[in-house]
Structure formats: structure tokens, C-alpha cells
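>>> below: sequence and its predicted model.
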Amino acid sequence: MAELFTEEWMQSFATHWNAEPELSDALAQIGFNSVIGYGFDGDDKPVGVLTVENGKAVKGEAYDGQQMNWDIRASDERWRKWIAKPPGMMGLGMAFTSRKMKFVVGDYSSMIKDPRMAGPFIKSFAVMARA
């Protein structure tokens, strides 16, 4: 499996994000705009960043000081498990409460309570498997 969250990986993720209607189209319906960082637990900064405008990924790149709306961290092993077998709502909730998934920036609780965002968030893990 490719090294997670590198610039090349993030570009592939962006392409697959846009090809998944349950993700990009669903977020476009709510006018979702965000800069999302992805990285590893314990690191001082994320590795990769996805810029989303009106639900569509417009840029996948390496982190270079971008101001983020979300910064999601987990161990390399945990990310790979989720990519191999994408989690559902309960699995993500357990990962968050057990601190296996951390939001350095962003409010997981408010996001997961909004079905318009929760469904696409869960779908993003299945899309990661395609990157």
C-alpha cells in the first residue's frame, strides 16, 4: 500500500473523492467548503491536506502551513485498518471516544450529529481505499 497522505496519495484521494456522489455531491448540496488535514497521532503537523470547495476536492497536497478547518489524526496502523475495512458510525464513535481518532482542529461531535455531514464523513473512508 502506498505511503498515506503524501502529495501523490492526496491527489489520488481528491480524484476519487470527486468521483463519489455520496461524498462530493452530498457535500455540494450543503455548500461544504473546508481545508482538511490528515496525519498521524503524535506528529506536530498533518502530512496531507485536502481542499474542498462546494463539496468538490479542488486540491490534494502535502501540508505546507495551510490554515485548516479540520485536522484528523490516528496511528498509521489505525488508518490502514480503516482503509482496509471502512468503519461505520459506531466504529468511528468508538475510535473518537477511545482517542484512536483525534481531531486536532474541528468539532467531531457537532459534525457527527449532522447527518448531512456524518454520512459523507463515513463515506470518505471507503474512498480512501481507492486512493
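Now that the structure is in, tell me what you want to look at. All figures in this text were calculated on a predicted structure; none of them were measured in a lab.
>>> give me the pLDDT for Met89.
Listed pLDDT for Met89 reads 86.
>>> close enough to count as contact, it and Ala118?
Yes: with contacts counted by C-beta atoms under 8 Å, Met89 reaches Ala118, the gap being 6.8 Å. Using the backbone N, CA and C atoms, a C-beta is placed for each residue, glycine as well.
>>> what do the two both touch?
By C-beta atoms under 8 Å, 6 or more residues apart in numbering, Met89 and Ala118 have these common neighbours: Ile112.
>>> so what secondary structure elements neighbour the helix or strand bottoming out on mean pLDDT in the chain?
Scoring the helices and strands of the chain by mean pLDDT, DSSP states H and E places helix 108-112 at the bottom, with a mean of 84. Under the contact definition 3 or more C-beta pairs under 8 Å, 6 or more residues apart in numbering; DSSP states H and E, helix 108-112 sits against helix 89-97, helix 115-128.
>>> return the most buried member of the ones you listed.
helix 115-128 (a mean of 18; mean count of other C-beta atoms under 10 Å).
>>> show me what Gly48 bridges to in the sheet.
Taking DSSP bridges as the rule, Gly48 bridges to Tyr38, Ala62.
>>> for Met94, see how far away it is.
Relative to Met94, Gly48 is positioned 24 Å away (C-beta to C-beta, to the nearest Å).
>>> try Ile122
On the measure of C-beta to C-beta, Ile122 and Met94 end up 13 Å apart.
>>> okay, and the common contacts of these two?
Joint contacts of Ile122 and Met94 (C-beta under 8 Å, 6+ apart) do not exist.
>>> worst average pLDDT in the helices and strands packed on helix 108-112?
The stretch with the lowest mean pLDDT among the helices and strands packed on helix 108-112 is helix 89-97, at a mean of 89.
>>> contacting residues around the following helix or strand past it?
Sequence-wise, the next helix or strand downstream of helix 89-97 (DSSP states H and E) is strand 102-105. Strand 102-105 is contacted from outside by Gly37, Asp41, Pro46, Met68, Asn69, Trp70, Asp71, Ile72, Arg73, Ala74, Phe96, using C-beta under 8 Å, 6+ apart.
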